[in-house]
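>>> Need coordinates for the following:
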Amino acid sequence: MSAAVTVIDHPLVQHKLTQLRRRETPDWEFRRHVREIGMLIAYEVMRDLPLEKVEIHTPLTRMMAPQLAGRRVCFISVLRAGNGLLDGMLEILPSARVGHIGLYRDPTTLEAVEYYCKFPEDIAERDIIVLDPMLATGHSAAAAVERVKESGGQSIKYACVLSAPQGIETLGEAHPDVPIFTCAIDSHLNDHGYIMPGLGDAGDRLFGTK
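Okay, the predicted model is just below:
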């Protein structure tokens, strides 16, 4: 069984993704586009949040109007690049709690190595969205989701900007219950585990490092 995959092909998302791919896009503009993509894909990722009707007073009359109900949301940012998407998500839902997990990819094995983890105490009571711009080999994604589950998380989604077939397969095999939201599925990974044609190293381009 594999995970459900949603490709968010809205024209605005695809336009901004093209700007991210351009090698000449400066870091400040890259950061802005990632944040704006985070805002745009938030609508799709949180489409199924439950609503309830409450009575309110408009300037003219009373009415029953919908508002968010039930379980609350927690964003889990996979450091460091996940913070680029996190900023946009929080613009849409500022009341969400935030957790962080630090992972780096071993350059030889391409396996994920954890160096930091801090989640809200009530993570088991929240709908969780794990954020990382790139789903490449899938090892970091699978490790992050596994850590969330070990901490009590149950309702989990994974959101990224770009993905590779290998990453989707790895995450889907490890966690078939976690739906994946991505803006594009590129063709393959190169010998260093980078998505091709991709957009380079998202963390370096977000923060101006190499």
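
>>> ok, which stretches of the protein are helices?
Counting by DSSP state H, the chain has helices at residues 11-21, 27-45, 82-92, 139-150, 165-174, 202-207.

>>> Touching the fifth one from outside, list them.
When you say that, I think you mean helix 165-174. 1-3, 5, 135-139, 141-142, 145-146, 158, 178, 180, 182, 185, 187-189, 195 (CB atoms under 8 Å, 6 or more residues apart in numbering). Where you see a C-beta, it was placed from the backbone N, CA and C, and this is true even at glycine.

>>> Show me what counts as buried in that helix.
166-168, 170-172, 174 (16 or more other CB atoms under 10 Å).

>>> so of the contacts of helix 165-174, which ones are in strands?
5, 135, 158, 180, 182, 185, 188-189, 195 (DSSP state E).

>>> just to revisit the earlier point, pick the one among the buried residues of helix 165-174 closest to E111.
T170 (11.0 Å; CB to CB).

>>> where in the chain is pLDDT low?
Scanning the chain with the threshold set as pLDDT under 70 gives 1, 110.

>>> hang on, the earlier thing: any quick PyMOL command for the buried ones out of the contacts of helix 165-174?
With 16+ other CB under 10 Å as the criterion, this PyMOL line picks the buried residues out of the contacts of helix 165-174:
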select buried, resi 3+5+135+136+137+138+139+141+142+145+158+178+180+182+185+189+195
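
>>> got the buried residues of helix 165-174 as a markdown table, with distance to E44 columns?
Formatted as a markdown table, the buried residues of helix 165-174 follow (distance: CB to CB, whole Å):
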| residue | distance to E44 |
| --- | --- |
| Q166 | 23 |
| G167 | 19 |
| I168 | 17 |
| T170 | 23 |
| L171 | 18 |
| G172 | 19 |
| A174 | 23 |
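
>>> between those, which is closest to G99?
The nearest one, if we look at the buried residues of helix 165-174 relative to G99 and count by CB to CB, is L171, at 18.2 Å.

>>> start to end distance for stretch 51-68?
The separation between the terminal residues of stretch 51-68, taken as CA to CA, to the nearest Å, is 5 Å.

>>> Out of the buried residues of helix 165-174, which comes closest to I56?
L171 (41.1 Å).

>>> how much space is there between the closest one and L135?
Look at L171 and L135: by CB to CB, to the nearest Å, they are 7 Å apart.

>>> what do the two both touch?
141, 158, 180.

>>> quick check, nearest of the residues you listed to D127?
D127 has its nearest neighbour among these in Y158, at 12.6 Å by CB to CB.

>>> Who are the contact partners of that closest one?
So Y158 contacts 3, 129-130, 132, 135, 141, 145, 171, 178-181 (CB under 8 Å, 6+ apart).

>>> change it to 7 Å
130, 141, 145, 171, 178, 180-181 (CB atoms under 7 Å, 6 or more residues apart in numbering).

>>> Could you work out the most separated pair of these?
V145 and F181 (13.5 Å).

>>> Among the ones in strands among the contacts of helix 165-174, list the two that are farthest apart in space.
So, these by CB to CB: farthest apart are Y158 and H188, at 20.0 Å.

>>> how about the helices of the chain in TSV, adding distance to L51?
Below are the helices of the chain laid out as TSV (distance: least, CB to CB, whole Å):
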stretch	distance to L51
helix 11-21	24
helix 27-45	14
helix 82-92	15
helix 139-150	25
helix 165-174	29
helix 202-207	33
